[in-house]
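Asks: please work out how this folds:
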Amino acid sequence: MSRTKVTTKTAWDRYLPEDRVRYTGWQPWNSEPFWPSEPDSDAIKAIFVSEFFSGSDHHNDPDLQVRFFAEGSHHKVYEATHPSWTQPYLLRVALGVDPCLKTESEMATLAYLRHKTTIPVPKPIAWISGVDARIGYEWSLEEKVPGVVLESVWRKMPWDKKVNLVRQVARMMEELWRHKFNKVGSLYVTQAQTNNSSSALSVRPRHVRLEDMVEPQFFVGPTLEYEFGSGRRHYLSTTRGPFNNTRDWLEAHTEVERAHFQSAKALLDEAPAALLKDQEEWENLVAEEIAFGIDTNDFLGLYDRYIENCDTCLRLLPKLYPEDRPSDTKSTSERPCGLENHSKPTSEQYFLNHQDLNDTNILVDPETFAITGIIDWERSGVYPAWHSVGYPKFISEQDPSDKGEPPIPETYDEEDDNYKPIPAEERIEWEAMKLRQEFDKQLVELGCTSKPGPLSLFDTVTKDVLGRICELGTDLEYWQNMLNDVHEKLAALEQERNEIADLERVSKAKTEALRQTLEEELRDFQERQNRELEGVISLYERMKEEIKQNFVRKRKLENITA
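Replies: You can find the predicted model right below:
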């Protein structure tokens, strides 16, 4: 009888497989990925043909023009035109940095915005969220939005045009913030089901033509945050949501950091002998892909402190959210598309957030400067208000200025000999402050209840805790100083809560005393009323008897007289 050989996967098989996406540095969000191959131009054209000219041979059609259009960290974009089309189309070929989920969620978000809002976004046409054998990558197809990026014209725009544009963005954000959700995660779409099968809420690689999805159903699913799916994190057995409450979400952030540290140690403990032969090459690999930019000995010496810092963050969460029970954060067998979550829902509301609304992701008409489109929703998600509701980045990242209006500088071009950095920065800061005020005015005019502004102490602490969780792998002394600041704010929050609780207790005691006083006064009043009523009844009975006696005497007198 033959036996089946069981192969045990090593840490290197699990966390650094040969087919992984490789980066130029140890932080995927701050480095560039390597593309293993260039998408084939004939295959690119074949995709356009199959999506637009099904049943006919247009591959050799000279009128179908396909050209390379642009390139980002995770996409290569190709533009196609044809005389029969009213607008060009873009094919975005995606490097598999977060397979399936990234393509699915970005296309679902665009579809949601076009179905539910008037915000101008690219129209999604079709996509494949698994590897298309023709090109070796995922891809998505969408209409090309006309216009130029705001960044290219911002400095030459007249002031009134800048005000108009910011107010236009405010109207779009107000419309976006009207849409509220009850979970934390990212958006996905499926065909609405006639039954209530939970299978409708799964995310798997597929080929979709959106026009075939007659009745789309949108739902919140796994989060697309870099901390959960980039680099080695993609291979960790941790949950990605959706999360029923903020505490679950923050706990999952902490657990993925812990798993990241643990996987690094496992990789070092199981280092293949062949890799150790070249010490310089080995340490480069350790720094870039394993140990957060430091060498083996430094990481192993700090490992216990890293894990303790994770535990410290976990201990903070019950203090912030004592009423939320954390869910079971173990992964499901269907990871990365599993959607199980067992915590209780919350009354907290969550908002769709673009995540990167800067001047390179806003397209405008180069003549009128009106917005023609908002693009690059690839990392959007549904998060708490303190993480979602805010100013667009191109007016929010400058420090407030309390000076008067500075003059317009001669140039903003740093390469120009006449460029003066201080006057330029002062003008940028002043304009940003004024434009934030215009943004706020527009929201007030719209009666918007969700708007940017100073965060409450609770939201400030929560935001700081998320920041500390996401920076667990940074310099430990720096991290400890930041954590101390969180503890101080947490103590202030606890004091604020205690003061509120004291006020509530005093108010409750006063309310109870007032209730008792009112009840006593009511009883006294009722007793007085009863006594007075009894007196009236007694008087009535006496008068009634007296009338009766007078009537008898009158009859007797009449009889005597007769």
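Asks: what segments of the stretch 251-400 of the chain are strands?
Replies: Secondary structure of the stretch 251-400 of the chain (DSSP state E, counting those that start in this stretch): strands at 350-353, 362-364, 371-374, 381-384.
Asks: what's the second one packed up against?
Replies: Of the remaining helices and strands, those touching strand 362-364 by 3 or more Cβ pairs under 8 Å, 6 or more residues apart in numbering; DSSP states H and E are strand 148-149, strand 371-374. From N, CA and C alone the C-beta is placed, and that goes for glycine too.
Asks: buried residues in the helix or strand where residue 433 lies?
Replies: Taking DSSP states H and E as the definition, residue 433 sits inside helix 421-445. Of all the residues in helix 421-445, those buried under the rule 16 or more other Cβ atoms under 10 Å are 423-436, 438-440, 442-443.
Asks: mind putting the helices and strands packed on strand 362-364 in TSV, distance to residue 381, mean pLDDT and mean neighbour count included?
Replies: TSV is the format used below for these (distance: least, Cβ to Cβ, whole Å; pLDDT from 0 to 100; neighbours: other Cβ atoms under 10 Å):
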stretch	distance to residue 381	mean pLDDT	mean neighbour count
strand 148-149	23	97	14
strand 371-374	15	98	19
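Asks: longest strand in this structure, please.
Replies: The single longest strand within the chain, with elements called by DSSP state E, is strand 124-132.
Asks: what average pLDDT does that one get?
Replies: Averaged over strand 124-132, pLDDT sits at 97.
Asks: show the subsequent helix or strand relative to it.
Replies: Downstream of strand 124-132 (by DSSP H and E), the next one is strand 137-143.
Asks: now that next one against strand 124-132, angle please.
Replies: Note on geometry: by axes from the mean of the first three to the mean of the last three Cα atoms, to 10 degrees, strand 137-143 and strand 124-132 are set 170 degrees apart in direction.
Asks: which other helices and strands contact strand 137-143?
Replies: helix 41-52, strand 89-94, helix 101-116, strand 124-132.
Asks: now do it against strand 89-94, angle only.
Replies: Using the same axes, to 10 degrees: strand 137-143 against strand 89-94 is 160 degrees.
Asks: parallel or antiparallel, which strands does strand 137-143 pair with?
Replies: Applying DSSP bridges, strand 137-143 is found paired with strand 89-94 (antiparallel), strand 124-132 (antiparallel).
Asks: quick one: the ones you listed as TSV, columns for mean neighbour count and distance to residue 469 too.
Replies: TSV is the format used below for the strands paired with strand 137-143 (neighbours: other Cβ atoms under 10 Å; distance: least, Cβ to Cβ, whole Å):
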stretch	mean neighbour count	distance to residue 469
strand 89-94	23	28
strand 124-132	20	29
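Asks: of these, which is nearest residue 299?
Replies: The closest approach between residue 299 and any of the strands paired with strand 137-143, judged by Cβ to Cβ, belongs to strand 89-94 at 31.9 Å.
Asks: output the closest one as PDB, restricted to C-alpha atoms.
Replies: Extracted in PDB, the C-alpha atoms of strand 89-94 (Å, rounded to 0.1, in the frame of the first residue of the first chain):
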ATOM      1  CA  TYR A  89     -11.100  53.700 -22.800                       C
ATOM      2  CA  LEU A  90      -8.300  52.800 -20.400                       C
ATOM      3  CA  LEU A  91      -7.100  49.300 -19.500                       C
ATOM      4  CA  ARG A  92      -5.400  49.300 -16.100                       C
ATOM      5  CA  VAL A  93      -3.100  46.200 -15.800                       C
ATOM      6  CA  ALA A  94      -2.600  45.500 -12.100                       C
END
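Asks: which residues sit against it?
Replies: 39, 44, 47-48, 52, 69, 74-81, 102-103, 122, 125, 135, 137-144 (Cβ atoms under 8 Å, 6 or more residues apart in numbering).
Asks: distance from it to the middle of the chain?
Replies: Relative to its chain's centre, strand 89-94 lies at 24 Å (Cα atoms, centre = their mean, to the nearest Å).
Asks: could I get the average pLDDT for that strand?
Replies: Averaged over strand 89-94, pLDDT sits at 98.
Asks: stretch 16-36 too?
Replies: The model assigns stretch 16-36 a mean pLDDT of 79.
Asks: from the chain's centre, how far out does the longest strand of the chain sit?
Replies: Taking the mean of its C-alpha atoms, strand 124-132 sits 23 Å from the chain's own mean (Cα atoms, centre = their mean).
Asks: same check, this time on stretch 243-251
Replies: Per Cα atoms, centre = their mean, the centroid offset for stretch 243-251 relative to its chain is 12 Å.
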